[in-house]
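> Sequence and predicted structure are below.
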Protein chains: 2
Amino acid sequence: MLKEIPRVVIIGGGFGGLYAAKALVSAPVEVTLIDRRNHHVFQPLLYQVATAGLSAIDVGEPIRRILRKQKNTAVHLAEVASVDLAARRVMLADGDAVGYDYLIVATGAQDFYFGHDDWEPYAPGLKSIEDALEIRRRVLSAFEQAEVTRDPDVQRSLLTFVVIGAGPTGAELAGALAELSRHTLANEFRHFDAGDSRVLLIEAGERILSDYPPRLSARAHRQLERLGVEIRTGAPVTGVDADGISLGEERLLCRTILWAAGVAASGLGASLGTDLDRAGRVMVEPDLTVPGHREVFVVGDLAHVVEGGRQLPGIAPAAIQMGKHAAESITRTVRSEPTRSFRYVDRGTMATLGRSSAIAVIKGIRLWGLPAWLAWLFIHILFLIGFRNRAVVLFEWTRSYLTYSRSARLILYPDESD
Amino acid sequence: MLKEIPRVVIIGGGFGGLYAAKALVSAPVEVTLIDRRNHHVFQPLLYQVATAGLSAIDVGEPIRRILRKQKNTAVHLAEVASVDLAARRVMLADGDAVGYDYLIVATGAQDFYFGHDDWEPYAPGLKSIEDALEIRRRVLSAFEQAEVTRDPDVQRSLLTFVVIGAGPTGAELAGALAELSRHTLANEFRHFDAGDSRVLLIEAGERILSDYPPRLSARAHRQLERLGVEIRTGAPVTGVDADGISLGEERLLCRTILWAAGVAASGLGASLGTDLDRAGRVMVEPDLTVPGHREVFVVGDLAHVVEGGRQLPGIAPAAIQMGKHAAESITRTVRSEPTRSFRYVDRGTMATLGRSSAIAVIKGIRLWGLPAWLAWLFIHILFLIGFRNRAVVLFEWTRSYLTYSRSARLILYPDESD
């Protein structure tokens, strides 16, 4: 009698899901990776697309292409509606179902507006390439409208850019926006000076980049101010609308508002029907499985994993390590070997603050300024291995470093086909 | 008393309008270029974006950036509603008006469905970057859906690609689609062989590329067939809908239909209130001015210009020559020098037929095969001068020539922001 080949289904083609699939390349299993997009997104560089430094295709690569040589793996473009743990089936939005013997859920996180979902249309977040292109469209269009308007108040509001939330994404966005207006767009407009535009970084907490040690965070603060970013800490946003934001009594008029303040786990976590933490992450066992379901793993930003009293950071290396761990556990189980608990290996965190400056903590060593930036560049370029675009991205980067220009400045109107 | 500086308004930032603006760099005039998009499109390579070979930013460049060093020129992002020739004002869609002393209308051509505008949603044309991204989305999504469906009839229809119209754009699209399915996507799907997909090129006339000499057109025919394109000539399309096309009695089921069959002049021509030809082009004087309005020029695809008994081809070199001529006439008039009639200098035409094959007529010399393709490549790379992306495009091309891969394969959903 032939033994059935175990079916592994992976939901999500982000870092967690993709690296899980890759780690199963020679396992005696059949893998199906389901994603609603055809491409993996290199999230750490998404802010560069939003600020016109890189093209969409520089940070996205078809999942099918990445896995094309992996014969035991099929890629399925579909939206997942829910998971039926009892029947071991993934239910798709189109009504189909996909059965599994092992499941890896890696659907990540989404923007969270702290109960103010009505703010979303005015303050888009940065999770997908579509988000990045929408932000690029808004930012570049604001400059274009400022060139055309004759009302100085409207112009001022069009040239005021607000980033809400000063974690790594917010800090990187604000730094890149300041460079865009101070350098790239200098001398291109005839009716205003792009350098007069304001970039504000608004943070409810008492300091920016609060995941970093206070001294690094202070250095980052000074560096961003040197770039021209106005930083407001201890300033919780109380209102967001089409004309601007409210900070308690204070009103700030601005046409472009970007959201980098909060993320919540993907809604699919709730459909599992198991315990969640306050941010919606799934409470998993030490081996990343769902309690009572040794065959179901949750990895990446959707997993509640605490080490040293703190939730793991929502960064690519953490997701990759979890994805690989889940794959290894499945391989061991299939081979009737015992599985192991997951342990996160901290290889460091880093954030860029515009051209040639960054902060980083790598194996306990704190870096800032140019050394941190060079480390950041080196690691990100290395990391792009497997992406076809590494050479192109490096080329683009060298070019824009030398010239201050940002090359992806198209305003594309998606609803217009003519 | 100060002499007023003459105001030149250019409508359209395509080849005609852009080169008119450039040619006015040192003229004693104030130039305003109005376009509803922020970018110039390198139209000859648009089919490469539609077939995932190049990224949007490889073929588009902000008009403002191209003209940034030209101090006498402002770029105005706006939609033009009409021209008031009597009052010498350009009326914008937002209600504003821009006055001029000289006007250059260069709004080009748009897709024309021969009175069947209801076909448009099912058979998009290829005029803008948005069009190209829409076509890319449809083509790549068809393959993804074919991987998921279990119905063999639906799968066959999803894997049938029809290009209507076998002029240069249609031939280039069909050739690139054949290569995409035969080579790039080979081995990436698990439930069908991408090489089994069909690419049909449908032409109402008796031969493809009818602007070329019959023998070159026959060579192109054979080359496309070798690539795997099924060519149907003498086959006028009588119906287009969501499920396929009709050719008289015959019904062809296909989910992806691309339109390259007809163009008509931009609607702005009609708003001038002067005589038009049957395709809606403006009947201009030998110096490209509108009859009775020596201060208004029409250039590019919108101008009816006949030489040797034939309308000039709708290609970039013709538009560029006309744009430069209009600029020169304005400069001469401002300097009280006599103007001259426009004369087109035919430097050749060429069309590519997939990797390493093309046809070309250059100064009367007919080329085909690899020599024509190398000439095409050389001229197009040269032509990209002034575009930042020349090196990147060349890099991409070399890469995809060597590897058959096409790198811009993202399916982006414009309406989804999350």
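Everything's here; your move.

> Now do the SS call for A:F192.
Taken by DSSP: H, G, I helix; E, B strand; the rest coil, the conformation at A:F192 corresponds to coil.

> In contact with the closest residue in space to it that isn't next to it in sequence, which residues?
Distances taken as Cβ to Cβ, 6 or more residues apart in numbering or on different chains put A:A146 closest to A:F192, at 5.8 Å, once the chain neighbours are dropped. Bear in mind the C-beta positions are built from the backbone N, C-alpha and C, glycine included. Applying Cβ atoms under 8 Å, 6 or more residues apart in numbering or on different chains to A:A146 gives the contacts A:155, A:158-159, A:189, A:191-192.

> And for A:G165?
For A:G165, the contact set (Cβ under 8 Å, 6+ apart) comprises A:202-204, A:259-262.

> all strands of the stretch 251-400 of chain A, in order?
Assigned strands in the stretch 251-400 of chain A, in chain order: A:256-259, A:263-265, A:282-283, A:289-290, A:293-298, A:303-304, A:306-307, A:310-311, A:349-352, A:358-362, A:365-368 (criterion: DSSP state E, counting those that start in this stretch).

> Pull out the buried residues from the last one.
Right, strand A:365-368. A:367-368 (16 or more other Cβ atoms under 10 Å in any protein chain shown).

> Show me what it is packed against.
helix A:214-227, strand A:358-362 (3 or more Cβ pairs under 8 Å, 6 or more residues apart in numbering or on different chains; DSSP states H and E).

> Mean neighbour count, the strands of the stretch 251-400 of chain A: which tops it?
For the strands of the stretch 251-400 of chain A, the largest average neighbour count (mean count of other Cβ atoms under 10 Å in any protein chain shown) is found in strand A:256-259, namely a mean of 26.

> I'd like the average pLDDT over that strand.
For strand A:256-259, the mean pLDDT works out to 97.

> what's near enough to touch A:L45?
Contacts for A:L45 (Cβ under 8 Å, 6+ apart) come out as A:54, A:58-59, A:380, A:393.

> Which strand or helix spans the residue nearest to A:F192?
helix A:129-148 (DSSP states H and E).

> A:V162 now?
With DSSP H and E as the test, A:V162 turns up in strand A:160-164.

> Partner strands of that strand, with direction?
strand A:198-202 (parallel), strand A:256-259 (parallel) (DSSP bridges).

> now these in a markdown table, with distance to A:I359?
Formatted as a markdown table, those follow (distance: least, Cβ to Cβ, whole Å):
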| stretch | distance to A:I359 |
| --- | --- |
| strand A:198-202 | 15 |
| strand A:256-259 | 21 |
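
> Select, out of those strands, the one closest to B:S356.
Counting by Cβ to Cβ, B:S356 lies closest to strand A:256-259 out of those; the figure is 45.5 Å.

> Which positions in the stretch 51-200 of chain A make contact with chain B?
Contact residues (Cβ under 8 Å from any Cβ of the partner chain) of the stretch 51-200 of chain A with chain B: A:55-58, A:60, A:62, A:64-65, A:68-69, A:74-78, A:96, A:110-111, A:120, A:124-125, A:127-131, A:133-134, A:140-141, A:144-145, A:147-148, A:187-191.

> how about A:A261, what does it touch?
By Cβ under 8 Å, 6+ apart, the contact list for A:A261 reads A:114, A:164-165, A:167, A:170, A:204, A:237.

> Same question for A:G267.
Counting by Cβ under 8 Å, 6+ apart, A:G267 touches A:110, A:280.

> Also A:D275?
Applying Cβ under 8 Å, 6+ apart, the residues contacting A:D275 are A:282-283, A:291.

> right, and A:L159 touches A:A142 too?
Yes. Using Cβ atoms under 8 Å, A:L159 is in contact with A:A142, at 7.1 Å.

> Between the two, which has more neighbouring residues?
Between A:L159 and A:A142, counted using other Cβ atoms under 10 Å in any protein chain shown, the more crowded position is A:L159 (23 against 20).

> Identify the spatial nearest neighbour of the more buried one, chain neighbours not counted.
A:S197 (3.8 Å).

> Ok, A:A303 next?
Leaving out its chain neighbours, the residue that sits closest to A:A303 by Cβ to Cβ, 6+ apart is A:V284, at 5.2 Å.
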